[in-house]
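Novice: whatever this is, show me its structure:
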Amino acid sequence: MAGKGGKPAKKKKDLPSGREQYTMRIVESSTCAVCKQQCLRGIRYMERMSQPGSTGTGVPCILTRRKVT
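Specialist: Okay, here's the model as predicted:
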């Protein structure tokens, strides 16, 4: 009896909220400094990181937004 065993077909995952979700890359102030389209969030982050002794973990970049599949 051929065709009875094997893996079942994969089902497409449904998003729990029913709306599209997005992800953005975390960038540092050096990336924001050379960006051609500087956003307000990046400019504020660069100003904060230019202070002596400041430490940061980066900021989400809206230009790198991708849809989660």
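Novice: from here on, contacts and neighbour counts on C-alpha atoms
Specialist: Fine.
Novice: list the contacts of the helix of greatest length in the chain.
Specialist: For the chain, the helix with the greatest residue count under DSSP state H is helix 40-49. With contact meaning Cα atoms under 8 Å, 6 or more residues apart in numbering, helix 40-49 is reached by 29, 32, 33, 54, 55, 56, 59, 61.
Novice: my read: the first one touches residue 58, true?
Specialist: If I follow you right, that is residue 29. Yes. Under the criterion of Cα atoms under 8 Å, residue 29 makes contact with residue 58 at 7.0 Å.
Novice: quick one: which of the two has more around it?
Specialist: More neighbours surround residue 29 than the other of residue 29 and residue 58, with 21 against 18 (other Cα atoms under 10 Å).
Novice: mind checking pLDDT for the residue nearest to that one when sequence neighbours are not counted?
Specialist: For residue 29, ignoring the flanking residues on the chain, the nearest one in space by Cα to Cα, 6 or more residues apart in numbering is residue 46 at 5.1 Å. Model confidence at residue 46, expressed as pLDDT, equals 94.
Novice: residue 46: neighbour count?
Specialist: Residue 46 is flanked by 19 other residues according to other Cα under 10 Å.
Novice: also residue 8?
Specialist: 7.
Novice: same check on residue 61?
Specialist: Quick note: residue 61 (other Cα under 10 Å) scores 19 neighbours.
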